[in-house]
Every structure is written in structure tokens, then in C-alpha cells.
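Visitor: Sharing a sequence plus its predicted fold:
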Amino acid sequence: MKMSSVWCLALGLVLLTVSCGAEPHGIGHPDQCCFKYTTVKIPPKQIDKVEKTSLQCPMPAFVVTTAAGRKFCVQEFPKI
């Protein structure tokens, strides 16, 4: 009886390890998603980078990174 519990525990740990993978968000999950849009107006001079979020994210967005390193989620591509 106790031996079957040990086997179940060992199998569970193996499955958990395999399912987590080596990626920080697990296999098949995007690195960054947006869950709300900012209302802040970002001056074009301060925009350093613009990236579109993955199609796997719950809502489409663009991640705008400023020269200071701050990130904002916007609904529409900013006019640079």
C-alpha cells in the first residue's frame, strides 16, 4: 500500500518537472502580455522601442518602452 503511494508521488514529481519546462513562463506562453491599456500620453521623443504582444495574449496591444526603461501598454501603435 505504501509502495504505491511512493510511486504516485515520484510520478507526480516527474510530470510536474516536465510540464514546467526550462522557459520562465512555461512552454508556449508569451513573455509579455497586457491586461489593461495606459491612458498616459507618451511623447514621441521618449519612445525607445515598440513591440506588438503575442497573438496568444488575452488582448491585443503594443508594449512601448521609453528611454528611461519604463514600459506601457497601448491599444494603438503610437505615432512616432
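Guide: Thanks, I have it.

Visitor: what does stretch 36-43 contact?
Guide: For stretch 36-43, contacts defined as CB atoms under 8 Å, 6 or more residues apart in numbering pick out 61, 64, 66, 72, 73, 74, 75, 78. C-beta: built from backbone N, CA, C; applies to glycine.

Visitor: ends of that stretch, how far apart?
Guide: Separation of the first and last residues of stretch 36-43 by CA to CA, to the nearest Å is 20 Å.

Visitor: can you pull the buried residues of it?
Guide: residue 42 (16 or more other CB atoms under 10 Å).

Visitor: re earlier: can you flag the buried ones in the contacts of stretch 36-43?
Guide: The buried subset of the contacts of stretch 36-43 (16+ other CB under 10 Å) comprises 61, 64, 72, 73, 74.

Visitor: Could you tell me which ranges of this protein sit under the pLDDT cut-off?
Guide: The chain contains residues with pLDDT under 70 at 1-30, 80.

Visitor: ok, back up a step: looking at the contacts of stretch 36-43, spot the one nearest residue 49.
Guide: residue 64 (7.5 Å; CB to CB).

Visitor: domains of this protein?
Guide: Segmentation of the chain into domains, based on automatic domain parsing, reads 1-28, 32-80.
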